[in-house]
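1. sequence first, then the predicted structure:
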Amino acid sequence: MALPASDLTKKPDLRTTMELGAVLPETAEVRDDHLFIGGVDMVQLAREEGTALYVFDEADLRHRMEAYREAFRSRYENSDVIYASKAFLNKEVVRIAQAEGLCLDVSGGGELACAQAVGFPMERVFVHGNNKTPRELEEAIAAGVGRIVVDSRIELARVNEIAGRLGVVQDIYMRITPGVEADTHEYIRTGCEDSKFGFTMREDFAFTCVADVLAAENVRLAGLHCHIGSQIFALHSFREAAAVMVEFMARIRERYGYEIEELDLGGGLGIAYLADDAPSSIDDFAEVTCTAVRDLCERHGLALPRLLVEPGRSLVANAGVTLYTVGILKTLPGIRKYVAVDGGMSDNIRTALYHADYEPTIANKASQPRTEIVTLCGKHCESGDAVVVDMPLQKADVGDIVCVFGTGAYNMTMASNYNGQPRPAVVFVRDGVSRVVTRRETYEDLYQRDL
Ligand SMILES: Cc1ncc(COP(=O)(O)O)c(C=O)c1O
Ligand SMILES: N[C@@H](CCCC[NH3+])C(=O)O
C-alpha cells in the first residue's frame with residue numbers, strides 16, 4: 001500500500017475554515033483564531049482530553065435525526081427512519097437515536113449488545129448481515145427484535161428452526177439484490193448483481209425463494225429490503241431500486257396472493273467530504289423515495305407499504321471531527337510535504353481503504369488561509385498510512401492541533417489497535433459543555449484479554 005504521488009502543481013485554495021461549507025458541523029465557529037464546536041474551544045479540548053480525539057456536535061447530530069424523521073413523516077405518514085449503527089456506535093448515540101424516535105439497524109450480536117445495554121426497545125431493532133451466526137440469530141430472536149433481515153436461503157432455514165425452537169414466529173424481511181449499480185466507489189456498492197449481499201434476482205432466484213419464506217412456519221414475511229450502496233450522490237439510483245422493489249411486490253401479490261406490508265430501501269445518501277461536494281439533501285432524498293414508492297404503488301394498484309430507510313453516514317459523518325496534534329514535519333523537495341499527526345489509519349482507515357478525501361484545518365489557526373498543500377500522515381508503520389492526502393492546510397508547526405472534518409461515520413467503528421494504538425475517546429460537545437461519552441482506551445485495555 002503506497003500513497004498516490006503528490007500533485008505538485010496543486011494550488012492551495014486559500015479558503016478559511018468557515019468557508020468550507022457543508023463539511024462543517026452545524027455549530028462550528030471561529031473565535032480569536034480558534035475553532036469552536038458546540039461552543040467549546042477545540043484547542044483547549046484537545047489539551048484536556050488528549051489527541052487523537054473524536055468530537056461530535058450533539059446539536060448537529062440531533063438536528064439531522066429530526067430532519068430525517070420530519071422529511072419522511074411529512075411526506076409519507078407510515079414511515080420510519082432506522083439509524084444504521086455501523087456508521088458510529090456507542091451507548092450515547094443509541095440513547096439519542098431512541099430519544100429522537102428512530103429505529104436501529106444492528107449488524108450482528110455486538111451491535112445488538114449495545115442496544116440491549118441501554119434498553120433500546122427491541123421491537124424497533126432491525127438485524128442485518130450476510131452471515132449472522134446461529135448464535136447471533138438466537139440472541140436476536142430471544143431478545144425479541146422487531147425484524148430480522150434474512151439474507152439467504154440457508155439463513156431462512158436457520159431463522160425458522162431457531163424461532164420454532166424458541167416457540168415464536170419471527171417477523172422477517174427478505175434482502176433483495178436489485179441489480180442497481182449505484183454511482184459510488186466500487187468497494188461500497190452493494191446492490192449490483194455480483195454481490196455477497198441478499199437474494200439475487202438472477203434466474204428469478206429471489207422470486208422462487210418467496211415460496212420458501214411463505215411456507216416456513218415460524219417466520220412471517222413482513223417486508224422486503226434492499227441497500228444499493230453508500231456515499232451515493234445521484235438520487236436516480238434510489239428511484240431505480242424502488243422501481244425494482246415495488247415491481248417485485250406486485251409480482252409476489254400476483255403469483256402468491258401475498259401483500260408485502262413493509263419496504264425498506266436501505267441507506268446510502270452521500271455527504272460532503274470536500275468543500276466543493278454537493279450531495280443531495282435529506283429532503284430531496286425523501287422527496288424522491290416517497291414519490292417513487294407512492295407513484296409506483298399506484299401504478300401497480302398496491303396498497304402503500306410502511307416505508308423505511310436506513311441512513312448511517314448522512315446522520316453522523318458531518319457532525320463528527322477528529323482532532324490530532326502535529327508531531328513531526330518533513331519536507332521532501334519536489335516530492336511532498338508531510339505533516340505527521342498522533343493517529344492515522346488506526347482511527348481512520350478510510351483514506352487507506354478508499355482513498356477517501358477530507359478537509360483539514362489547524363484549530364489554533366482557524367481564521368488563517370490554508371496556504372500549503374500537505375499530506376497529513378499518521379504514526380503507523382505503513383507507507384500508505386495517511387489521514388489526508390494533498391490538501392490545503394495553514395502553515396503547520398509542531399504542537400498545532402489539526403481538525404479533520406467529516407469523520408463522524410465509519411471512523412470510530414472501523415478503528416483498530418494497530419501498532420498498539422489505544423483507540424481515541426469520543427467527546428460530545430453542546431452549548432459550551434463537553435462530555436466524554438466513550439473514554440480513551442488505556443494500555444491496560446489493550447492486553448486485558450490476553451491469558
Ligand atoms: C444494510 C445497510 N443498511 C444501511 C447502511 C448505511 O449506509 P449509509 O451509511 O451509506 O447510509 C449500510 C451501509 O452501507 C448497510 O450495509
Ligand atoms: N465503511 C464504508 C461504507 C460501507 C458501509 C456499510 N455497508 C465507508 O467508510 O465509507
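-> That came through fine. Ligands and ions are numbered 1, 2, ... in the order given.
2. now residue 31: closest residue in space that isn't a chain neighbour?
-> residue 41 (7.6 Å; CB to CB, 6 or more residues apart in numbering). All C-beta spots, glycine's among them, are computed from the backbone N, C-alpha and C.
3. what sits against the one you found?
-> By CB atoms under 8 Å, 6 or more residues apart in numbering, the contact list for residue 41 reads 31, 34-35.
4. for it, give the beta-bridge partners.
-> Beta bridges link residue 41 to residue 36, judged by DSSP bridges.
5. can you give me the helices in the stretch 251-400 of the chain?
-> Assigned by DSSP state H, counting those that start in this stretch, the stretch 251-400 of the chain shows helices spanning 282-300, 313-316, 350-354.
6. out of the ones you listed, which comes closest to residue 25?
-> helix 313-316 (10.5 Å; CB to CB).
7. what is the closest one packed up against?
-> Counting contacts by 3 or more CB pairs under 8 Å, 6 or more residues apart in numbering; DSSP states H and E, helix 313-316 packs against helix 58-75.
8. list the buried ones in the helix it packs on?
-> Using 16 or more other CB atoms under 10 Å as the test for burial, helix 58-75 gives 58-62, 64-65, 67-69, 71-73, 75.
9. and that helix, what does it pack onto?
-> strand 79-84, helix 91-99, helix 282-300, strand 306-309, helix 313-316, strand 425-430.
10. let's have those in CSV, adding mean pLDDT, distance to ligand 2 and mean neighbour count.
-> Listed next are the helices and strands packed on helix 58-75 as CSV, based on pLDDT from 0 to 100; distance: least, CB to the nearest ligand atom, whole Å; neighbours: other CB atoms under 10 Å:
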stretch, mean pLDDT, distance to ligand 2, mean neighbour count
strand 79-84, 98, 7, 26
helix 91-99, 98, 16, 19
helix 282-300, 98, 16, 18
strand 306-309, 98, 14, 23
helix 313-316, 98, 7, 28
strand 425-430, 98, 17, 23
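11. got a markdown table for those, with distance to residue 202 too?
-> Listed next are the helices and strands packed on helix 58-75 as a markdown table, based on distance: least, CB to CB, whole Å:
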| stretch | distance to residue 202 |
| --- | --- |
| strand 79-84 | 26 |
| helix 91-99 | 36 |
| helix 282-300 | 22 |
| strand 306-309 | 25 |
| helix 313-316 | 29 |
| strand 425-430 | 42 |
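12. got phi/psi on whichever residue of the chain sits closest to ligand 2?
-> Per CB to the nearest ligand atom, residue 410 is where the chain lies closest to ligand 2, at 3.1 Å. Residue 410 has phi and psi values of phi 60, psi 30 when expressed as degrees, to the nearest 10.
13. just the pLDDT at it, thanks.
-> Confidence at residue 410, expressed as pLDDT, is 98.
14. who touches it in this structure?
-> 86-88, 312-313, 317, 350.
15. please redo it, this time with the cut-off set to 10 Å
-> 86-88, 188, 230-231, 312-313, 316-317, 348-350, 353-354, 356 (CB atoms under 10 Å, 6 or more residues apart in numbering).
16. out of those residues, which one sits closest to residue 52?
-> For the contacts of residue 410, the residue nearest residue 52 by CB to CB is residue 348; the value is 8.7 Å.
17. give the contact list for the nearest residue to the closest one once chain neighbours are set aside.
-> Counting by CB to CB, 6+ apart, residue 411 is the residue found nearest to residue 348 once chain neighbours are left out, at 4.9 Å. The contact partners of residue 411, by CB under 10 Å, 6+ apart, come to 52, 54, 87-88, 316-317, 320-322, 343, 347-351, 356, 358, 387, 404, 424.
18. same check on residue 351?
-> 3, 344-345, 357-358, 375-378, 384-389, 404, 411.
19. 8 Å - rerun?
-> 345, 357-358, 386-389.
20. what's the most distant pair in the residues you listed?
-> Most distant of these, by CB to CB, are 345 and 357, 15.3 Å apart.
21. who's more crowded, those two?
-> Each of residue 345 and residue 357 has its neighbours counted (other CB atoms under 10 Å); residue 345 has more, 27 against 15.
22. that one contacts residue 417, doesn't it?
-> No: with contact defined as CB atoms under 8 Å, residue 345 does not reach residue 417; the gap is 11.3 Å.
23. not counting sequence-adjacent ones, nearest residue to the residue in the stretch 51-200 of the chain positioned nearest to ligand 1?
-> Ligand 1 sits closest to residue 84 of the stretch 51-200 of the chain, with a gap of 3.5 Å, by CB to the nearest ligand atom. Distance criterion CB to CB, 6+ apart; nearest residue to residue 84, sequence neighbours excluded, is residue 312 at 3.2 Å.
24. what number of residues lie near that neighbour?
-> The burial count assigned to residue 312 is 24, neighbours taken as other CB under 10 Å.
25. ok, now the one 10 residues further on?
-> Neighbour count for residue 322, taken as other CB under 10 Å: 26.
26. so who does it touch?
-> Applying CB under 8 Å, 6+ apart to residue 322 gives the contacts 52-55, 343, 347-348, 387, 403-404, 407, 411, 424.
27. which of those sit farthest apart?
-> Of all pairs in the contacts of residue 322, the most separated under CB to CB is 55 and 387 at 14.9 Å.
28. around ligand 2, which positions in the stretch 1-150 of the chain sit nearby?
-> residue 86 (CB under 6 Å from any ligand atom).
29. how about a cut-off of 8 Å?
-> 84, 86-87 (CB under 8 Å from any ligand atom).
30. is the top strand by length along the chain anywhere near ligand 1?
-> Counting residues, the longest strand found in the chain (DSSP state E) is strand 320-332. No: shown here: strand 320-332 not in contact with ligand 1 (CB under 8 Å from any ligand atom), separated by at least 12.9 Å.
31. mind listing what's buried along that strand?
-> For strand 320-332, burial by neighbour count (16+ other CB under 10 Å) applies to 320-326.
32. got the domain ranges for the protein?
-> Listed by automatic domain parsing, the domain ranges of the chain are 17-57+317-447, 59-315.
33. now the longest one, how far from the centre of its chain.
-> To tie it back to what came earlier, the one meant is domain 59-315. Its chain's C-alpha centre and that of domain 59-315 lie 14 Å apart, by CA atoms, centre = their mean, to the nearest Å.
34. which residues in the stretch 51-200 of the chain form helices?
-> According to DSSP H, counting those that start in this stretch, the helices that the stretch 51-200 of the chain contains are 58-75, 91-99, 109-117, 134-143, 153-166.
35. show me where this structure dips below the pLDDT cut-off.
-> For the chain, the stretches with pLDDT under 70 are 1, 183-191.
36. and the stretch 351-451 of the chain, which residues reach ligand 1?
-> Checking the stretch 351-451 of the chain against ligand 1 by CB under 8 Å from any ligand atom, the hits are 409-410.
37. what do you get for the chain?
-> Near ligand 1, when you scan the chain using CB under 8 Å from any ligand atom, you find 82, 84, 86-87, 105, 107, 128, 149, 175, 188, 190, 197, 225, 227, 229-232, 266-270, 310-315, 317, 409-410.
38. all set now, cheers.
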